[in-house]
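S.K.: Here's my sequence, what's the structure:
(chains A and B)
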There are 2 protein chains.
Amino acid sequence: MSDEKVIIIGAGLAGSLLSIYLAKRGIEVEVYEARADMRNVEMSAGRSINLALSDRGIKALSEVGMDEYMLREAVPMYGRLVHDAEGNTNLLPYSGREGEYINSVSRGGLNIALIDEADKHPESRFFFEQRCVDFDCRSGEALIFNEKNGDEYRVSGSTVIATDGAGSAVRRAMLRGGVRRFNYSQEFLEHGYKELSIPPGDGGAFRMEKNALHIWARRSFMMIALPNFDGSYTCTLFLAHKGENSFESIDTGSYSGGSPGNALITFFEDQFPDAIPMIGNLEREYFTNPTGDLGTIKCFPWNAGDRALLLGDSAHAVVPFYGQGMNASFEDCRIFNELIDEFGTDWLKVFEKYSELRKVNTDAIADMAVENFYEMRDAVADPVFVRKRELETKLEQRYPDYFSKYSMVTFREDLPYSEAMRRGNAQDRILMEICAGEADVSKIDTAKVLERLRSLG
Amino acid sequence: MSDEKVIIIGAGLAGSLLSIYLAKRGIEVEVYEARADMRNVEMSAGRSINLALSDRGIKALSEVGMDEYMLREAVPMYGRLVHDAEGNTNLLPYSGREGEYINSVSRGGLNIALIDEADKHPESRFFFEQRCVDFDCRSGEALIFNEKNGDEYRVSGSTVIATDGAGSAVRRAMLRGGVRRFNYSQEFLEHGYKELSIPPGDGGAFRMEKNALHIWARRSFMMIALPNFDGSYTCTLFLAHKGENSFESIDTGSYSGGSPGNALITFFEDQFPDAIPMIGNLEREYFTNPTGDLGTIKCFPWNAGDRALLLGDSAHAVVPFYGQGMNASFEDCRIFNELIDEFGTDWLKVFEKYSELRKVNTDAIADMAVENFYEMRDAVADPVFVRKRELETKLEQRYPDYFSKYSMVTFREDLPYSEAMRRGNAQDRILMEICAGEADVSKIDTAKVLERLRSLG
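M.R.: Presented below is the predicted three-dimensional model:
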């Protein structure tokens, strides 16, 4: 064991994984988590029940020996299954290659598995219901509120890693003047989200295609559904907060000119008729579950000297539309761990190099996630885009070394996000141009297309 | 008198002007200001002593009858006087038209004049050393700390207008959760600033050209100097905080490899040799005056229902490089006042329309101000840019209806900033292209150029 002690704030996905990485190195870790131990309590319903795990996340999990365990409980999703307003469906594969798919995993299940794994190491200790409420950027002390008895106390160690999520108390202290010239932005979409559920069918049967991410894309709004291991689906409805076809238009009943309940049913009948019979209790779930906000948070620097580092959502909260939030945070942990190989526990050097390497990439995935919202919402209902996906799938089937932007982001854990974005955007401009000019994809000469794409470098 | 009472937070330039506008309408105004009454105390040295007043600001001042009074104490500046490293100078006029110039005014003098003017109205009352420390976005109450006796108390009225600047306590309350989905960004330049002074010559003589804004542009950094009414100049040195030619390189002595004092003198001898004999006591001023940060703040929405509105720097702090910070805030007051004509004291309607009208324009000036930093620092030392300014001056002399981007921003108070930016950028692309291809401006056919520019619409 080294004589280092690292304080981790937050035992969510990033904090739990990071604690394993550090404990495996023999570094003592104390993890302070605001909520109760999720192994003993029910998860709160209505919020991000499942998540898409893909290659960047899997790579990190595999480094700590957690990949196979997790994938046993994951549901592979091979593509987007698009539902139109008449209930017709069409599968758009994520890749033209075998073995490239994303995985629907339970957030709670994965988090518990990570905490259980960390608990196997004596170096790692978890303290639940201990909420970090403030951080002193000069002394490096975190102020912890004991949710059980109301006490407050300070903790410190060799350094503090803040994995306390989008609402990070450590970041708030940096913003409030703890770090001079702290660049910060929080930007919300006009759309919010609400989770609804489709229970399993008889005998735990899946009531729709099991191995797909379902999308009801309606241009100015959409609903998606991800399968769960038990045969259920978690749906997420993305609507504007205000205006036409909005949460407000349902909540006030203005959508149908009747009661809110009436507006809700009419809206679903108009837009998602095939989903109504599957959703358990639409009215109760809709009016019980909270409406969440969707925002992007960026900031820089991420560290307060060698005393604290923001990692995961605390440094870069992203909207969920690329399915990369968790994967990016797991990649954070992997890169962070690699830098300890290089710099040991010279935390200032680790933090500075980590920030330099990661910032450009987390900015890239943040921007791509916002763009993908528009792609999922509008473009999967746009014939040119549908042809482009078809062409990309053909290219991937015929030319194993061709990767679409989506594939580079999702399946190429060896490529940084920024590089995937740069190459992907250049490819997309050409492919959209080609597909706008040709209504029949079978007439497109894929060899020629590939030549043009390769010339991009 | 109406039965409205408006609480204004901050008696700076925007708050003071707004209090006049409202008092003239018979609306009762209470202005709470954190600092002491500047009419009774010395201004703190070393920070933005003078400012550039131009047509947008003058228009608002004229509406409250303050334009002539102020301009009596202003020093007109007809152009940028560029100093090279050998001490040679070259004047780049701001406009080719008569009567288009900017004015160097004393921040303190103008602020006092505005407070004095407001004090003539019984409707307006000022409370000094009363610091707003918090705001309740639900109740509309401001929490005020009495700097004199340490008491805290709450004030409220029909509504609150927060003109409490870049560090606004009201905006902080909105950000902390007072306004849901509050979009916010603060972004700092890598450069900071430090003020230095050139005292008057014998008998109050100006020691350089009086009627110009002086610039020592050195690509990665620069110094400027604005004349004051008493024959002195206020210089502002803009340097990167770190790296080569930075505050740090002087402060640590690494610039010359000697002491900090040595590094400072060597730096000035290398870069601004003609300024050294004029600056009063370079070493004392440099090491006594603080180094300031330069940041842009944007946020939205600007209002908390009908209970509070951010106006001026609290809503949109900009970097100083277009000389428009004060002018933009004065324009804020003018537009706000116009909307009371339209909506009376229906504050929610006023706030929403005001925000809709102003946001796009304050975003535009914020972005142009950052761009102009690079223009002033790099471009005035770039031959293509110098030719472009020469060509623009000729165009403005020959064609009275041609306006450069700078002129539209600075002298066309009838054009919104966003429109000035749009038209100006389109013009600039063409002019830079023309001047890159022709080293002799006299050979350029201005009639043809104008035709191309007009076709932009």
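
S.K.: Going by C-alpha atoms from here, please, whenever you check contacts or count neighbours.
M.R.: Fine.

S.K.: which sections of the stretch 351-457 of chain A are below the confidence cut-off?
M.R.: A:380, A:457 (pLDDT under 70).

S.K.: likewise chain A?
M.R.: A:1-2, A:42-48, A:380, A:457.

S.K.: Which residue would be the closest one in it to chain B?
M.R.: Residue nearest to chain B within chain A: A:S185 (4.0 Å; Cα to the nearest Cα).

S.K.: so who does that residue touch?
M.R.: Counting by Cα atoms under 8 Å, 6 or more residues apart in numbering or on different chains, A:S185 touches A:296-299, B:183-186.

S.K.: Mark which of the residues you listed are part of strands, please.
M.R.: A:296-299, B:183-186 (DSSP state E).

S.K.: which bits of the stretch 151-300 of chain A sit near chain B?
M.R.: Residues of the stretch 151-300 of chain A found near chain B (Cα under 8 Å from any Cα of the partner chain) are A:181-188, A:293.

S.K.: now for these, which pair is the farthest apart?
M.R.: The span of those, defined through Cα to Cα, is set by A:R181 and A:D293 at 27.4 Å.

S.K.: so what's the residue of chain A closest to chain B closest to, chain neighbours aside?
M.R.: Among residues not flanking A:S185 along the chain, B:S185 sits closest, at 4.0 Å (Cα to Cα, 6 or more residues apart in numbering or on different chains).

S.K.: Quick check, A:F385 in contact with A:D378.
M.R.: No - A:F385 is not in contact with A:D378 according to Cα atoms under 8 Å; the separation is 9.3 Å.

S.K.: so which helix or strand takes in A:S197?
M.R.: Applying DSSP states H and E as the criterion places A:S197 in strand A:183-198.

S.K.: and that strand, which strands flank it?
M.R.: strand A:233-240 (antiparallel), strand A:292-300 (antiparallel), strand B:183-198 (antiparallel) (DSSP bridges).

S.K.: what's the most buried one of those?
M.R.: strand A:233-240 (a mean of 23; mean count of other Cα atoms under 10 Å in any protein chain shown).

S.K.: quick one on the thing from earlier: now tabulate the strands paired with strand A:183-198 in a markdown table and tack on distance to A:G192.
M.R.: As requested, these are exported to a markdown table (distance: least, Cα to Cα, whole Å):
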| stretch | distance to A:G192 |
| --- | --- |
| strand A:233-240 | 6 |
| strand A:292-300 | 5 |
| strand B:183-198 | 14 |
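
S.K.: Pull up the gap between A:A166 and A:S455, please.
M.R.: As judged by Cα to Cα, to the nearest Å, A:A166 and A:S455 stand 40 Å apart.

S.K.: Please say which of the two ends up with more neighbours.
M.R.: More crowded of A:A166 and A:S455, by other Cα atoms under 10 Å in any protein chain shown: A:A166, with 19 against 7.

S.K.: Would you confirm that that one belongs to a helix?
M.R.: No - assigned with DSSP: H, G, I helix; E, B strand; the rest coil, A:A166 falls outside any helix and is coil.

S.K.: picking up where we left off before, and the next helix or strand past the strand holding A:S197?
M.R.: Immediately after strand A:183-198, counting by DSSP H and E, sits strand A:213-217.

S.K.: tell me the angle of that following strand relative to strand A:233-240?
M.R.: Angle of strand A:213-217 versus strand A:233-240, following axes from the mean of the first three to the mean of the last three Cα atoms, to 10 degrees, is 30 degrees.

S.K.: Strand A:213-217: partners in the sheet, and parallel or antiparallel?
M.R.: When DSSP bridges is applied, strand A:213-217 pairs with strand A:79-83 (parallel), strand A:222-227 (antiparallel).

S.K.: Now do the phi/psi pair for A:V75.
M.R.: phi -110, psi 110 (degrees, to the nearest 10).

S.K.: quick revisit: just put the contacts of A:S185 in a markdown table and tack on distance to B:F247.
M.R.: Formatted as a markdown table, these follow (distance: Cα to Cα, whole Å):
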| residue | distance to B:F247 |
| --- | --- |
| A:T296 | 33 |
| A:I297 | 30 |
| A:K298 | 27 |
| A:C299 | 24 |
| B:N183 | 33 |
| B:Y184 | 29 |
| B:S185 | 26 |
| B:Q186 | 22 |
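
S.K.: List phi and psi for A:R35.
M.R.: phi -90, psi 170.

S.K.: quick one, what contacts it?
M.R.: A:R35 touches A:128-131, counting by Cα under 8 Å, 6+ apart.

S.K.: The same query, at a cut-off of 6 Å, please.
M.R.: The contact partners of A:R35, by Cα atoms under 6 Å, 6 or more residues apart in numbering or on different chains, come to A:E129.

S.K.: my guess is A:E152 meets A:F145, correct?
M.R.: Yes - assessed by Cα atoms under 6 Å, A:E152 is found in contact with A:F145 at 4.5 Å.

S.K.: Between these two, tell me which one has more neighbours.
M.R.: A:F145 (20 against 14).

S.K.: Now whatever helix or strand that one lives in: buried residues?
M.R.: Assessed by DSSP H and E, A:F145 sits inside strand A:142-146. Neighbour counts over strand A:142-146 (16 or more other Cα atoms under 10 Å in any protein chain shown) mark A:142-146 as buried.

S.K.: Those residues: which two are farthest apart?
M.R.: A:A142 and A:N146 (12.5 Å).

S.K.: still on that earlier bit, export the strands paired with strand A:213-217 to JSON lines and tack on mean neighbour count and distance to B:Y286?
M.R.: Listed next are these as JSON lines, based on neighbours: other Cα atoms under 10 Å in any protein chain shown; distance: least, Cα to Cα, whole Å:
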{"stretch": "strand A:79-83", "mean neighbour count": "22", "distance to B:Y286": "62"}
{"stretch": "strand A:222-227", "mean neighbour count": "25", "distance to B:Y286": "59"}
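
S.K.: Same list (the ones you listed) but as a markdown table, adding distance to A:N361.
M.R.: Listed next are the strands paired with strand A:213-217 as a markdown table, based on distance: least, Cα to Cα, whole Å:
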| stretch | distance to A:N361 |
| --- | --- |
| strand A:79-83 | 25 |
| strand A:222-227 | 26 |
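
S.K.: of the ones you listed, which approaches A:T89 most closely?
M.R.: Minimum separation from A:T89 across the strands paired with strand A:213-217 (Cα to Cα) falls at strand A:79-83, 4.5 Å.

S.K.: Any chance you could list what contacts the closest one?
M.R.: A:89-94, A:212-216.

S.K.: same question, stretch A:65-76
M.R.: A:58, A:61, A:102-105, A:211.

S.K.: again, but for stretch A:119-126
M.R.: A:23, A:28-31.

S.K.: Any chance of the residues you listed in CSV with neighbour count, distance to chain B and secondary structure as columns?
M.R.: Output for those, formatted as CSV (neighbours: other Cα atoms under 10 Å in any protein chain shown; distance: Cα to the nearest Cα, whole Å; DSSP: H, G, I helix; E, B strand; the rest coil):
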residue, neighbour count, distance to chain B, secondary structure
A:A23, 23, 35, helix
A:E28, 23, 34, strand
A:V29, 25, 31, strand
A:E30, 22, 28, strand
A:V31, 25, 26, strand
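
S.K.: could you check the distance from A:V360 over to B:N146?
M.R.: 46 Å.

S.K.: Could you do A:L18 as well?
M.R.: In this view, A:L18 and B:N146 are 47 Å apart by Cα to Cα.

S.K.: and A:F145, what does it touch?
M.R.: Residues in contact with A:F145, defined by Cα under 6 Å, 6+ apart, are A:130-131, A:151-152.

S.K.: Which two of those residues have the greatest separation?
M.R.: Farthest pair in those, by Cα to Cα: A:R131 and A:D151, 10.6 Å.
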